[in-house]
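Q: how would this look folded up:
(2 chains)
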Amino acid sequence: MSQPYRLDTGGRINRAKPLRFWYDNQGYDGFEGDTLASALLANGVFLVGRSFKYHRPRGVYSAGAEEPNALVQLETGAATEPNRRATEVELYGELNAASQNCWPSVKYDLGVVNSWFSRLLPAGFYYKTFMWPASLWTTYEKFIRRAAGLGRSPMEPDPDHYDKTHAHCDVLVVGGGPAGLQAALSAGRTGARVILADDKPEFGGALLSGRDVIGDAPATEWVEATVAELQGMREVTLLPRTTVTGYYDYNFLVANERVSEHLGPRGRGEAPKERLWKIRAKQVVLATGAIERPLVFADNDRPGIMLAGALRSYVNRYAVLPGRRIVVLTNNDSAYLAALDAKDAGAAVEIVDTRTAPAGELVDRARSAGIPVHENSAITGVNYRGGRVRGVEVMQLDSDGRGVRGVGDKLNCDLVAVSGGWTPTVHLFSQAKGKLRYLDDEHCFVPGERAINNRGFEVGACRASWSLETCLREGAEAGAAAALVTGFDRAEPAPSPAAPEPAQGPLRPLWILPTVHPVGRGPRKHFHELHNDSTVGDIELAAREGFVSVEHLKRYTTTGMGTDQGKTSNINALSVMADLQGAAIPAVGTTTFRPPYTPLTFGSIVGHDRRELFLQKRKTAMHPWHEKHGAVFEDVGDWKRPYYFPRAGETMHDAVQRECLAARTGVGMIDASTLGKIDIRGRDALKLLNMVYTNAWDSLKPGRCRYGLMLNEHGMVFDDGVTTCLGENHYHMTTTTGGAARVMNWLEEWLQTEWPHWEVYCTSVTEQWAVTTITGPRARDLLASLADQPLDDDAFPFMSMQEFPVAGIPARVFRISFTGDTAFEINVKARYGLALWEALAEAGKAFDLCPYGTETMHVLRAEKGFIIAGQDTDGTVTPMDLGMDWIVSKKKGDFIGRRSFARTDTAREGRKQLVGLLTEDPAFVLPEGSHVVEPLREKPPMNMLGHVTSSYLSPNAGRSIAMALIRDGFKRKGQTLDVSLMDGSSQRVTVTDPVFLRGEK
Amino acid sequence: MLLIECPWCGQRDQTEFHPHGEAHIARPEDPDALDEAAWGDYVFFRKNPKGLHYERWVHSHGCRRWFNVMRDTVTDHIHASYKPGDPKPELPITADGGDTTGTPKT
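A: All right, here's what the predicted structure looks like:
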């Protein structure tokens, strides 16, 4: 076994299951139960990455989600994932990871030149340096992105799939340590629906990393028994490997479950890689624990320096002793536990304690175990060589802790374990708008008042309850109380077992350790933030430059802005600021905690909501025919509509010109099924039409159709369509394709909120009817060949509807027209849509029938000057601006938008009005959106009169045609103006009526 | 993510709803009787209070009914949901089981 730092016994690893893995193309061995970090340490790999800015060598610093250094590129190719924390990646067979942000290799990284010029890379460096000249930014950016970087994004589609699920529960417990387990147990025993989530693969939290005793047995036995009981409860869901990343209003929480990542890309089969849980809980118990706070000393970032709690975790949980000679640097008692466990595992250990006279049970135990304790001392320098720490320099502290004195004592070591006390993990509480309060005695923020809608409890270390017995008791009480509030009145706390442990004394509130140089001035750096290479000197510089607010400081120094979100650094940054300002930490305040707690993959956020499952394609009944006949499709709303039907060798231009001519000279056919259709019934249906349309509807007889414009209360056009009277108090309304849902909502809104006493029922029937429109001089003949029905103008006049079979299919046939030619819109039940279309196509062969698409439809309507609401209007256009005064009733009384016609702005001169434009060059088609200007100048700015709304080449008019909204357009008819084009050229145009073809209908 | 009580369907996730701005703005009976400023006020101007707000929501992915909500824009606490036409509730709310401190119903 070539794992030189692996202990022979102990740990929660499965020694029966060795695993081969690869790191930077070198093979290593580890065990099931390892993380990538523990396996690397077992193999003596201490140098795992390069820092963000200075490219300084870095090693594993923690054993959990707070890891600032050990970010790796996991796997290769399509499955690769950047910036994964090695402390969270579970080891699996053939795992392949690589170090990041270094070239050519992590050991010999050329980017380290950045650190030689570190005086030139101060806080705010990017803001200060690359501001000028702006044109060179693109050059700088490439360099900066490469030099200051993290991992690489995958370039291929993700081969994995991701799941998403919703859950509701009475009590959600976040964190499966002793407090969380007790809470889940107490709540679960009442029968309440409980979800317990923990980010680690095993429940137990800190108990798995320590040597605690619960009752008379190792705490891990209590964990096993508790988990077993929870597993037996029907209403309890246990979610290991699940990080609760966001806590939102009304107890809505988002959690990410790593379902099969630990099996590796080759081992997960059909299982989703991750699953996103959206959980709505009645009560939330936060048992999120605490994160150890570092001490900041000179060169505190060297590989071989890690948190004391992490050392303890590696020794006890992973059976890795990552050093032979260990120096423990602390300002509190908790690190003594790490020292004792490391000593017991076989390391030579010394303790450097900043406190003047450490005392108490743990200190006594350390001394009697033969561990030297250097009191009132600090590490003032680190001897770093060959990829890891070789020793430290220790000096005596001044009484105020701001200076050192005496001669440096050199201690040989290969590992430094650091503890500055513990910071409660309040991220979720704070995300949920809970207020934090500062505990002066404990020197940390803890949850204060909860936000009104986010009900629940906080238990254990996340509220600075440090003793195991307290954690167990608080968890039990909160679990029972939460169940009680949600209606489980048998709730009572699970019995709290005894958990004897040595008492711990107070810490020394000193986190920034001095050297002989003032902090931030000497040759060595004090990193308060490892992830982003931010130093105490940077904070001082920021303060000197006037960045006082904590939010400004954060952005200027990038403190807490990395992928670790400053989990280990934030409080130390605050204490430096507080010190500089002579204020207390609570006066400085904290930055805002925002979700996610740890980064989420895009895969997890998206889940299955991609491609067709994200945005459905709506298809008409005739879609298969369109596909078979080579239609090119256009997206209209969510619909797929035929754009044009190219024949072999035809371009879009060719096809559209051919379709336009055919539809005007013979007969054309278009699928109009997507038009919005609303069935309106009820005693007050007519009243509704009179209110939502500008014209009068009283005289409309059954079987007759009428066109209408719909306005909002501003008086502006927002939709149009033809409505037909089907019978007494029964109407069939059509809308634009894109406006169907909007119009339906508009009618419902007025009916429900303003006229609830009216009796009107609106039903969307868009999808119930398939519509085939035939148009052109031979349309009547084609229809006659399939319908035994008189179709002349007298028997079936324009703007009317008749019901009769077409090709044997019951149909509603509307004689209305969007082309200006004789046209029939044949509505059949959707299931007959394809049959009707095919029958028409077959019968149409004798008439040279031409199927056409939306582009031809647009040209044909523009030839006649018919508007498209939303293209020729934009929410600022009245019916009068469109020249459609004829459709505005002066007599019928009130309707929506009418009063606004009299507003000063609506009635004023100089409004933009819809006109036609004819280009000087009849072959030139103006780009839609082009500006009409007066006068034309060499280059902008120019006085803009308006813009082109529609523009096509019309084969029937034999030239290009355009519509435009221009200022005082009606008065300008006959005038010559200029259209300024994007390429700097221009086109002369004559203002005309927007009707380019006359006759027929 | 709000949890909104639809007066017809009960408590549902915010994603099922759409907000529609300030509530209790009746369309004037006789628009012509309003001068320019008064009509402009009706068409364009809406309250944007810090604190208690009466607003319209529609259960667009549910029963498609409009209703009114009394919400605190600072805490996002919803004090009451009620049908169109129902009178404006006032604080404290006690009728529907919520209490005067704004504790939501469970």
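
Q: is it correct that A:F445 is in contact with A:T590?
A: Yes. Proximity of A:F445 to A:T590 meets the contact threshold set by Cβ atoms under 8 Å, at 6.4 Å. From N, CA and C alone the C-beta is placed, and that goes for glycine too.

Q: joint contacts of these two?
A: A:L436 (Cβ atoms under 8 Å, 6 or more residues apart in numbering or on different chains).

Q: quick one: which of the two has more around it?
A: Between A:F445 and A:T590, counted using other Cβ atoms under 10 Å in any protein chain shown, A:F445 has the larger neighbour count: 23 against 20.

Q: how is the more buried one assigned, secondary-structure-wise?
A: strand (DSSP: H, G, I helix; E, B strand; the rest coil).

Q: what pairs with it across the strands?
A: Following DSSP bridges, A:F445 is listed with bridge partners A:Y438.

Q: tell me how far it lies from A:R437.
A: Taking Cβ to Cβ, to the nearest Å as the criterion, A:F445 is separated from A:R437 by 7 Å.

Q: likewise A:N690?
A: Using Cβ to Cβ, A:N690 is found at 62 Å from A:R437.

Q: quick check: nearest residue in space to A:T878, chain neighbours excluded?
A: Setting aside the residues directly before and after it, A:T878 is nearest to A:G715 in space (Cβ to Cβ, 6 or more residues apart in numbering or on different chains), at 5.3 Å.

Q: which residues does that neighbour contact?
A: A:G715 is in contact with A:T878, A:G897, A:R898, A:R899, A:S900, A:F901, A:R903, A:T906, counting by Cβ under 8 Å, 6+ apart.

Q: tell me the pLDDT of it.
A: Predicted confidence (pLDDT) for A:G715: 97.

Q: identify the residue nearest A:Q657 in space, chain neighbours excluded?
A: Nearest non-adjacent residue to A:Q657, counting by Cβ to Cβ, 6+ apart: A:P955, 4.8 Å away.

Q: again, but for A:A807
A: Excluding the flanking residues, the one nearest A:A807 by Cβ to Cβ, 6+ apart is A:A839, at 3.6 Å.

Q: A:S785 is in contact with that neighbour, correct?
A: No. Under the criterion of Cβ under 8 Å, A:A839 is not in contact with A:S785, lying 9.9 Å apart.

Q: between these two, tell me which one has more neighbours.
A: Comparing A:A839 with A:S785 by other Cβ under 10 Å, the one with more neighbours is A:A839, at 18 against 14.

Q: now what about the helix or strand where the more buried one lies, what contacts it?
A: Element membership for A:A839, per DSSP states H and E: helix A:833-844. Contact partners of helix A:833-844, identified using Cβ under 8 Å, 6+ apart, comprise A:620-622, A:624-625, A:667, A:669, A:671, A:673, A:770-772, A:774, A:782, A:785-786, A:806-807, A:809, A:811, A:826, A:828, A:849, A:851.

Q: so which of these sit within helices?
A: The members of the contacts of helix A:833-844 that map onto helices under DSSP state H are A:P624, A:W625, A:L782.

Q: nearest to B:V69 among the residues you listed?
A: A:P624 (45.7 Å; Cβ to Cβ).

Q: for that closest one, grab the count of nearby residues.
A: Summarising burial for A:P624: neighbours were counted as other Cβ under 10 Å, giving 13.

Q: that one and A:P642: what is the separation?
A: Plainly put, A:P624 is 12 Å away from A:P642 if you go by Cβ to Cβ.

Q: please list all residues in contact with A:L172.
A: Contacts of A:L172 (Cβ under 8 Å, 6+ apart): A:V194, A:I195, A:A197, A:V244, A:N251, A:L253, A:I279, A:A281, A:Q283, A:V284, A:V285, A:G456.

Q: tell me the buried residues in the helix holding A:A839?
A: Of the residues in helix A:833-844, those scored as buried under the neighbour-count criterion (16 or more other Cβ atoms under 10 Å in any protein chain shown) are A:G833, A:L834, A:A835, A:L836, A:W837, A:A839, A:L840, A:A841, A:A843, A:G844.

Q: residues of chain B that sit close to chain A?
A: Proximity of chain B to chain A is assessed by Cβ under 8 Å from any Cβ of the partner chain, with B:1-3, B:13, B:20, B:26-27, B:31-32, B:34, B:36, B:39-40, B:42-44, B:56, B:58, B:60, B:64-66, B:75-77, B:84-85, B:102-104, B:106 identified as the residues in range.

Q: from those residues, which would you call buried?
A: Using 16+ other Cβ under 10 Å as the burial test, the residues of chain B next to chain A include B:1-3, B:13, B:20, B:31, B:34, B:39, B:42-43, B:56, B:58, B:60, B:65-66, B:76-77, B:84, B:102, B:104 as buried.

Q: now intersect those residues with the strands, please.
A: Filtering those for membership in strands, criterion DSSP state E, returns B:L3, B:D13, B:H20, B:R56, B:V58, B:W66.

Q: now pLDDT too, for the residues you listed, in TSV please.
A: Compiled in TSV, these are given as follows (pLDDT from 0 to 100):
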residue	pLDDT
B:L3	96
B:D13	95
B:H20	94
B:R56	97
B:V58	97
B:W66	97
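
Q: work out the gap between the lengthiest helix in chain A and the centre of the chain.
A: The helix of greatest length in chain A, counted in residues with DSSP H as the criterion, is given as helix A:468-485. On the basis of Cα atoms, centre = their mean, to the nearest Å, helix A:468-485 sits 34 Å off its chain's mean C-alpha point.

Q: pLDDT score for the residue nearest to A:G408 when sequence neighbours are not counted?
A: When the adjacent residues along the chain are set aside, A:G408 lies closest to A:E393, with 4.2 Å between them (Cβ to Cβ, 6+ apart). If you check A:E393, the pLDDT there is 96.
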